[in-house]
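> I would like to see how this sequence folds:
(chains A and B)
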Protein chains: 2
Amino acid sequence: MTSLAINYQDIIIASQRIKGHAVVTPLLESALLNHRLGGRIVFKAENLQRTGSFKFRGAFNKLSKLAHLGQLNGVVAYSSGNHAQGVAAAAAHFGVSATIIMPADAPQIKITNTKALGAKVILYDRNKEDRHAIGSKLAQKHNLTLIPPYDDADIIAGQGTLGLEAFHQLQALGLAVNQVIGPIGGGGLMSGTSIALRNHLPKLDIWGAEPTGYDDAGRSLVAGQRLANALGPLSICDAIVTPMVGELTFPIMQRYLAGAKAVEDQHVLEAMGICLQELKVVVEPGGCVGLAAILAGSLDVKDKTTLVVLSGGNADSTMLSHALL
Amino acid sequence: MTSLAINYQDIIIASQRIKGHAVVTPLLESALLNHRLGGRIVFKAENLQRTGSFKFRGAFNKLSKLAHLGQLNGVVAYSSGNHAQGVAAAAAHFGVSATIIMPADAPQIKITNTKALGAKVILYDRNKEDRHAIGSKLAQKHNLTLIPPYDDADIIAGQGTLGLEAFHQLQALGLAVNQVIGPIGGGGLMSGTSIALRNHLPKLDIWGAEPTGYDDAGRSLVAGQRLANALGPLSICDAIVTPMVGELTFPIMQRYLAGAKAVEDQHVLEAMGICLQELKVVVEPGGCVGLAAILAGSLDVKDKTTLVVLSGGNADSTMLSHALL
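All right, here's what the predicted structure looks like:
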C-alpha cells in the first residue's frame, strides 16, 4: 500500500495541541428530521468552531508545531475565507503576523472577519491569477511561512481531530454509526477525519459531498487519478470550490472513501433552512453539502445511523435570508 | 433564612437523570464581539438543547422521577411553546401521552413542533383564559399529571443542571467568570442555575433579563414581594411573557440575584443578529435578552468575564429574517 501523509498518531498529537483552544463542537439531532428521513442523522456542528469552521483545527496545529520548533515567524495563506480566518486567529494567538490572499469575490463576512482578526488581506482574481504562485512569492520576499489550505501533513492531522472528537462523543452516547458524510474541497477535512474514524470504526462507510460542477473528488475517485475542475462561475458553495483535490489528501481518500456525491444548489439551500429551523445553527452553503446529498436522495439513510459533518457557518446575511424563503 | 424549594444536591441528582438524554450544550465566544465590548463574553448555547430550549432539562427530570416512582401516566402542561416541546419529547421518551395547552398566538413553529413530537395541543386565548385552570381541570378529568412550567421543585432542579454543566465547562477551560446574566420568565432557569453556580462560585454576580413591560422579576426583587405584569400585547419575547414569577422561584432569586434588567425589542433583534452572524446560532427573542441587556449598556462587561445564557432557539423564519435586516 502507498504510504500516507499522516497516521492516527499524528491526529492524537494534534488533538493534544488544540485542546482548550478549539471548541469541542456538539453533536446535534432533530427528532423531526429523523422521523421524516426514517433514519437517525447525527450532526457534528463544526460551524460552531472558533472562526466559524473546522479550519481553525488545522491552522492551530500547524502554527503550534512551528512555534514549538522555534520556526514560527510571520505566515501567509491563500484561502476562500475559512482557512484565512483559521490562520489569522492562530497567528494572533501566537503573536505573529498573517497575510492572507483571498479571492475578490469571497463573501464579505469572510473578508471582514479575516481583517478583524488582525490579518493583512490581499485580494486576487479567482479566474485569472494563481493563488499558490502569489503566496509563494510573498513568502519568499518577506521570509514568511506559507500555510497551505489542505495539502500539508500538519493541516490534515489538525482537521482529523474532528473525526477523533466525534468518535469519542458517539462512544459516550453509546451510538453505533453506520456511515459518515462531509464536504470535500481540497480534501483535508475528510482525509484526516477518515483516518481517525476508521482507526476506531473499521466498518464505517465514508462519503464525501461536493457541488455539481466542482465534483472533482468524485470523478477522481472513480478515475483512480486526480482530475481538475474547469474554472467557472462561483458556486454558492464558495468554501469548497477548489481547482483539484490535494496530492497528499487524494491517496488517503482513495484508501478510505466509498465515493463522493455531487449536489445541486436547491438541495444546499434546503439543507441550510433545515439547519436554521431544526438544529438552530447557521451553516454556510459549502458546510451543509452532506445534508444536501441526503435530502436529494443520493445517500441512503433509512434505518441507518449517519454522521453528517457541518463544516462551517460563515454565510452572509443575504445568503441566510435566501435559505429562509 | 427561608428554606428554599431545592438545594444543590437536587441538581446533582437531576444531572444524573438527564445524562446521555440532554445535549451537553457548548460554550461559544466571538473574538469580534469581545473586542467590540472590551470584555470577554462566554455564551452557554442552550438553544442547541433537545427541542430547542433548556425546558427539556426540567421536563425530563420531572418525568424521569415520576417514572422511577411508578407514578407516571399521561401528562398535561401549559406553555407558550418551549416547555410544551420539552414535555412532549420527555413524554415520548417514557411512552406516555402528553396534552399541551398553548396560547393561540404562539409562534407557529412551536405549535407545529409540539404536535410533531406526538403531543395533543389545545389552544387558548392568552388574554381571556386561565391556562392553569384549564390544565388542572384536564388533569383531574383524565387522571393526568400536571407538569408546571416553573413552579415545581423537580423542574427547577432540572433547569439548574444548566448552571452545573456551565460551571464544569468553565472550569475545564480555566476561565474565571465574574458575572452571569440570563432570561427570566417564571424564573425556573435562573433560580435553579443560581443555586448550582453559587455553590461553586460564591462571589459570582447573577442577573436576570426580561422584556420591558414584562419586567415583573426586576420590580418584584426591588419591592421584596411578587408583583404581577399587566396582561398586554404579545412581546416579541414570547418565551418569557409570564404573568408573574413563581412562588417557589422567587425566594431563590431573592437570595441569589443582584437584580433583573429590562430590555427593548430593538436590542433583542440586534442580539439575535449577532448570534446568527458571529456565533452561528439561531436564538429566539426571549432567549437572547441577556445579550440585549449588554448591548443596551445596562450591564457593565468591560474588563470582566460574563457568562450569558442563550436559553432557546425556537424562532419563526419571519422573525429570523427580521433579525437579519
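
> what does the domain assignment say about chain A?
Here the domain parsing of chain A from automatic domain parsing is A:8-53+A:153-324, A:55-146.

> Just send those back as a markdown table, with mean neighbour count and distance to residue B:191 too.
(Each C-beta comes from the backbone N, C-alpha and C, glycine too.) Output for those, formatted as a markdown table (neighbours: other C-beta atoms under 10 Å in any protein chain shown; distance: least, C-beta to C-beta, whole Å):
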| stretch | mean neighbour count | distance to residue B:191 |
| --- | --- | --- |
| domain A:8-53+A:153-324 | 22 | 24 |
| domain A:55-146 | 20 | 37 |
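
> Make TSV out of those and add distance to chain B and mean pLDDT.
Formatted as TSV, the domains of chain A follow (distance: least, C-beta to the nearest C-beta, whole Å; pLDDT from 0 to 100):
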stretch	distance to chain B	mean pLDDT
domain A:8-53+A:153-324	3	95
domain A:55-146	5	93
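
> does the closest residue to residue A:256 other than its chain neighbours sit in a helix or strand, and which one?
Closest residue in space to residue A:256, ignoring its immediate chain neighbours: residue A:194 at 3.8 Å, by C-beta to C-beta, 6 or more residues apart in numbering or on different chains. In this assignment (DSSP states H and E), residue A:194 forms part of helix A:188-200.

> Not counting its own residues, what contacts the helix or strand following that helix?
Sequence-wise, the next helix or strand downstream of helix A:188-200 (DSSP H and E) is strand A:205-211. The contact list for strand A:205-211 (C-beta atoms under 8 Å, 6 or more residues apart in numbering or on different chains) reads A:178-185, A:187, A:190, A:194, A:197-198, A:216-218, A:235-237, A:240-241, A:253, A:256-265, A:268, A:286, A:289-290, A:292-293, A:299.

> The closest residue to residue A:131 other than its chain neighbours and residue A:87, how far apart?
Among residues not flanking residue A:131 along the chain, residue A:78 sits closest, at 3.8 Å (C-beta to C-beta, 6+ apart). Residue A:78 sits 10 Å away from residue A:87, taking C-beta to C-beta, to the nearest Å as the criterion.

> which residues do these two both contact?
residue A:100.

> Quick one: residues contacting the nearest residue to residue A:159 once chain neighbours are set aside.
Residue nearest to residue A:159 in three dimensions, not counting chain neighbours: residue A:192, with 4.0 Å by C-beta to C-beta, 6+ apart. By C-beta under 8 Å, 6+ apart, residue A:192 lies in contact with A:6, A:11, A:58, A:156-163, A:252.

> any chance of those residues in JSON lines, with distance to residue A:31 and secondary structure too?
Shown next, in JSON lines, are those (distance: C-beta to C-beta, whole Å; DSSP: H, G, I helix; E, B strand; the rest coil):
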{"residue": "A:6", "distance to residue A:31": "37", "secondary structure": "coil"}
{"residue": "A:11", "distance to residue A:31": "32", "secondary structure": "helix"}
{"residue": "A:58", "distance to residue A:31": "33", "secondary structure": "helix"}
{"residue": "A:156", "distance to residue A:31": "35", "secondary structure": "helix"}
{"residue": "A:157", "distance to residue A:31": "35", "secondary structure": "helix"}
{"residue": "A:158", "distance to residue A:31": "33", "secondary structure": "helix"}
{"residue": "A:159", "distance to residue A:31": "30", "secondary structure": "helix"}
{"residue": "A:160", "distance to residue A:31": "30", "secondary structure": "helix"}
{"residue": "A:161", "distance to residue A:31": "29", "secondary structure": "helix"}
{"residue": "A:162", "distance to residue A:31": "24", "secondary structure": "helix"}
{"residue": "A:163", "distance to residue A:31": "25", "secondary structure": "helix"}
{"residue": "A:252", "distance to residue A:31": "35", "secondary structure": "helix"}
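
> picking that back up, show me what contacts the residue nearest to residue A:256?
A:163, A:206, A:252-253, A:255-257.

> now residue A:83
Residues near residue A:83 by C-beta under 8 Å, 6+ apart: A:55, A:58-59, A:77, A:147, A:149.

> 10 Å instead, please
Going by C-beta atoms under 10 Å, 6 or more residues apart in numbering or on different chains, residue A:83 touches A:51, A:53-56, A:58-59, A:77, A:100, A:102, A:110, A:114, A:147-150, A:155, A:185-186, A:188, A:239.

> Which ones among those map onto strands?
A:77, A:100, A:102 (DSSP state E).

> before we move on, which element is the nearest residue to the second one once chain neighbours are set aside in?
What that stands for is residue A:100. Leaving aside its sequence neighbours, residue A:100 sits nearest to residue A:84 (C-beta to C-beta, 6+ apart; 4.3 Å). Remark: residue A:84 resides in helix A:82-94, with elements defined by DSSP H and E.

> what's the offset of that helix from the middle of its chain?
Put simply, helix A:82-94 sits 15 Å off its chain's centre (C-alpha atoms, centre = their mean, to the nearest Å).

> Can I get it in CSV? Just the C-alpha atoms.
What follows is helix A:82-94, C-alpha atoms only, in CSV (Å, rounded to 0.1, in the frame of the first residue of the first chain):
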residue,chain,number,x,y,z
ASN,A,82,-12.4,29.9,6.2
HIS,A,83,-8.7,28.8,6.2
ALA,A,84,-8.0,32.6,6.2
GLN,A,85,-9.8,33.1,9.4
GLY,A,86,-8.4,30.0,11.0
VAL,A,87,-4.8,31.0,10.1
ALA,A,88,-5.5,34.6,11.2
ALA,A,89,-6.8,33.5,14.6
ALA,A,90,-4.0,31.1,15.2
ALA,A,91,-1.4,33.7,14.2
ALA,A,92,-2.9,36.2,16.6
HIS,A,93,-2.7,33.6,19.4
PHE,A,94,1.0,33.0,18.7
